[in-house]
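**Student:** Okay, sequence plus prediction incoming.
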Amino acid sequence: MLNSRNILVRLFPFLIALLAAAAGGQDSAGAASATQSPVAYASVSELNGILTQLQQTAKSMQSDLEKTRIERWKTDASTKRQTLATVESIQRNLQSALPETIAQLNNSPEDLGASFKLYRNLVLLYDSFGSVVESAGAFGSKDEFQSLSNDMSGLESARRGFGERMQKLTASKEDELMRLRAQVKTLSAAPPPPPKKIVVDDTEPPKKPPVKKKPAKPKPPATTTDAPPSAAPTK
């Protein structure tokens, strides 16, 4: 039980900071990072195995708690009343809070908020149910104690398996957050160039005036040379 509380205490502040930073990083990154990446099949398969075991254990716990006759235990009335109140709280959890958190995780298998909510609930169930099992061993019948002990083992297995998944999921989200921060830093350091302005000029260019041809220079008149006088005919 102490280990459960220690893990919960260590994970709580880190997960809160991680969720807050991830939300801020997504806002800075813009619409490109708004869509969620698909969840890996191995992650979904692992979660389904844990949740299936947990649901089976929860069903067995409810059945065995209903069969437990606390009013016949060999103890004082105060202990019986306290144990009955604890059992009622556990049953409400098994019938309402636990199915709700399981449904949230089924819809979003790697949601850190829903994962942490379920893990915290498992820790509370483990502590509360453990006190009932201890009281059954001290004041109840052997059959009651054996049945409840088997349920306790199943709950411990589911809690431990989900705690290991939480550690791996947190490490994965931390890596994703580091990549997101690097992307934001790169985008901030090198802003995109401003868009080019395209100016459309639909005015007609002015027409050039016609080039006037220079008048041709008049040709000088042709000069005529006088023919030499012909010789007088000889007599």
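**Tutor:** Nice, thanks for sending it over.

**Student:** Going by C-alpha atoms from here, please, whenever you check contacts or count neighbours.
**Tutor:** Fine.

**Student:** which helices and strands sit right next to the strand or helix carrying Glu88?
**Tutor:** Assigning secondary structure by DSSP states H and E places Glu88 in helix 77-92. Judged by 3 or more C-alpha pairs under 8 Å, 6 or more residues apart in numbering; DSSP states H and E, helix 77-92 is in contact with helix 112-139.

**Student:** let's see it at 6 Å
**Tutor:** Packing contacts for helix 77-92, counted by 3 or more C-alpha pairs under 6 Å, 6 or more residues apart in numbering; DSSP states H and E, involve no helix or strand.

**Student:** got the buried residues for the next helix or strand after that helix?
**Tutor:** With elements assigned by DSSP H and E, the helix or strand that comes after helix 77-92 is helix 98-107. By 16 or more other C-alpha atoms under 10 Å, the buried positions in helix 98-107 come out as 98, 101-102, 104-106.

**Student:** What of stretch 110-127?
**Tutor:** Neighbour count says stretch 110-127 has 110, 112, 114-126 buried, by 16+ other C-alpha under 10 Å.

**Student:** Quick check: of the buried residues of helix 98-107, which lies closest to Leu148?
**Tutor:** Closest approach to Leu148 among those (C-alpha to C-alpha): Leu98, at 18.5 Å.

**Student:** hey, where'd the helices end up in this protein?
**Tutor:** Secondary structure of the chain, counting by DSSP state H: helices at 2-29, 41-67, 77-92, 98-107, 112-139, 142-189.

**Student:** Deepest in the core, which of these is it.
**Tutor:** Compared across the helices of the chain, helix 112-139 shows the largest average neighbour count, a mean of 19 (mean count of other C-alpha atoms under 10 Å).

**Student:** list the helices and strands that helix packs on?
**Tutor:** Partner elements for helix 112-139 (3+ C-alpha pairs under 6 Å, 6+ apart): helix 142-189.

**Student:** what angle sits between the helix it packs on and helix 112-139?
**Tutor:** 160 degrees (axes from the mean of the first three to the mean of the last three C-alpha atoms, to 10 degrees).

**Student:** Give me the mean pLDDT for helix 142-189.
**Tutor:** Averaging pLDDT along helix 142-189 gives 89.

**Student:** by contact count, what packs against it?
**Tutor:** helix 41-67, helix 112-139.

**Student:** change it to 10 Å
**Tutor:** When contacts are defined as 3 or more C-alpha pairs under 10 Å, 6 or more residues apart in numbering; DSSP states H and E, helix 142-189 sits against helix 2-29, helix 41-67, helix 112-139.

**Student:** what angle separates the second one from helix 98-107?
**Tutor:** If I follow you right, that is helix 41-67. 170 degrees.

**Student:** now helix 41-67 against helix 77-92, angle please.
**Tutor:** Using the same axes, to 10 degrees: helix 41-67 against helix 77-92 is 140 degrees.
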